[in-house]
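K.L.:
Fold the following, please.
(chains A, B, C and D)
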Number of protein chains: 2
Amino acid sequence: MKPEISDFLPYLLNQAAELVSRDFQPFYKDRYGMLRTEWRVLFHLGHHGEMTAKQICEQASIHKTKVSRAVTALEKKRFLRRETLEDDRRFEALSLTPAGKAAFDSLAVEAAAFDASLEDMVGQDDFEALKRMLNHLIAKKS
Amino acid sequence: MKPEISDFLPYLLNQAAELVSRDFQPFYKDRYGMLRTEWRVLFHLGHHGEMTAKQICEQASIHKTKVSRAVTALEKKRFLRRETLEDDRRFEALSLTPAGKAAFDSLAVEAAAFDASLEDMVGQDDFEALKRMLNHLIAKKS
DNA sequence: TATTGTTATACTCTATAACTATA
DNA sequence: TATAGTTATAGAGTATAACAATA
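P.N.:
Numbers count the residues shown, from 1 in each chain, chains lettered A, B, ... in the order given. Next up is the predicted model:
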């Protein structure tokens, strides 16, 4: 018995990720002109406060070239400012401007609501289990 | 309490999908030079036999432009042949050549083994639950 | 006019190597 | 020599409009 495509986990993950991403994309794209990596970097800075690019790379599992470009784009949008660290001038402290904070606050609320709508879709218990499994899978594969 | 990124389902889905896809990609790419959509189209034709492009679009939820390009690429690799339907000359019956069938047979085995390795990773019960939830989510979002 | 499939085009995302500035 | 971050480039994936051929 050959497997159907709906039994192949890589396909399911990709399809689900794509559909969900496409639904959330308008929130950061249409209003703020951000790309996905920019939204993620903004998310991390909004959540953790001042960080270096390297810290964002590590915490978010994003390659340094992507972070570098996202930081440049967010800076151009006046959502982020950088300050070279005097201890070690290779590092820059990245932080959100008031405009960046405002965007983050608004998007964080919308993200939470979006996540809640997904929770409604699959049910509360399943939703927690789903997140747990995905985190487990990601940890194993990273 | 602001949400961590590991609590945001779109992020988790995308990260898991990317890591898993990257692991499976070598099977169809390195040996057969296929792209992801080509592998999916091959999968469908191998599983269901003769189909039209429209049927593949519907069953696999792939846009017609992607299927069209994948079909062209698979034809160039001599994995697929087309035959215009005389009933309605807008349609073409697509089917795998012997070389295409051989590639499918080999890849189907490897895909099943890969899927099984993911099952080992998350545990059998969770694995079934995970697939069920993803299928549910996909159905709701499509 | 509607449908199947193709082509053109632009944008988004990923991956890697080479580079700079600093340590 | 090593590390933080940048730039260049190619490849892969996605989205949409316009089109040709057939019905």
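K.L.:
Where do the strands of chain A begin and end?
P.N.:
Applying DSSP state E to chain A gives strands spanning A:80-84, A:92-96.
K.L.:
Show me which residues of chain A sit near DNA strand C.
P.N.:
If contacts are counted using Cβ under 7 Å from any atom of the strand, the residues of chain A sitting beside DNA strand C are A:Gln25, A:Lys29, A:Leu35, A:Arg36, A:Thr37, A:His63, A:Thr65, A:Lys66, A:Asp88, A:Arg89, A:Arg90. Where you see a C-beta, it was placed from the backbone N, CA and C, and this is true even at glycine.
K.L.:
pretty sure A:Gly100 is touching A:Glu75, no?
P.N.:
No. Taking contacts as Cβ atoms under 8 Å, A:Gly100 lies outside contact range of A:Glu75: 9.6 Å.
K.L.:
Of those two, which one has the most company?
P.N.:
Set side by side, A:Gly100 and A:Glu75 give different neighbour counts by other Cβ atoms under 10 Å in any protein chain shown, the larger being at A:Gly100 (22 against 15).
K.L.:
List the contacts of the residue nearest in space to the middle of chain A.
P.N.:
Among the residues of chain A, the one closest to the centroid is A:Arg40, at 3.0 Å (Cα atoms, centre = their mean). Contacts for A:Arg40 (Cβ atoms under 8 Å, 6 or more residues apart in numbering or on different chains) come out as A:Ala60, A:Ile62, A:Ala70, B:Ile5, B:Tyr11.
K.L.:
Just give the closest residue to A:Leu45, not the sequence neighbours.
P.N.:
If the residues on either side of it in the chain are set aside, A:Leu45 comes closest to A:Leu96, at 5.2 Å by Cβ to Cβ, 6 or more residues apart in numbering or on different chains.
K.L.:
A:Leu107 and chain B: what is the separation?
P.N.:
When Cβ to the nearest Cβ, to the nearest Å is the yardstick, A:Leu107 and chain B sit 11 Å from each other.
K.L.:
Give me the pLDDT value at that residue.
P.N.:
As summarised for this prediction, A:Leu107 has a pLDDT of 97.
K.L.:
List the contacts of it.
P.N.:
For A:Leu107, the contact set (Cβ under 8 Å, 6+ apart) comprises A:Phe27, A:Tyr28, A:Tyr32, A:Trp39, A:Leu42, A:Phe43.
K.L.:
What parts of chain A come near DNA strand D?
P.N.:
Within chain A, the positions adjacent to DNA strand D are A:14, A:18, A:22, A:52-54, A:57, A:64-65, A:67-69, A:71-72, A:90-92 by Cβ under 7 Å from any atom of the strand.
K.L.:
ok, which of the contacts of A:Leu107 also contact chain B?
P.N.:
Judged by Cβ under 8 Å from any Cβ of the partner chain, the overlap between the contacts of A:Leu107 and the neighbourhood of chain B comprises A:Phe43.
K.L.:
Filter the contacts of A:Leu107 down to the ones in helices?
P.N.:
Those of those mapping onto helices are A:Phe27, A:Tyr28, A:Trp39, A:Leu42, A:Phe43, per DSSP state H.
K.L.:
I'd assumed A:Phe104 was in contact with the last one.
P.N.:
The reference is to A:Phe43. Yes. A contact is recorded between A:Phe43 and A:Phe104 when judged using Cβ under 8 Å, the distance being 7.1 Å.
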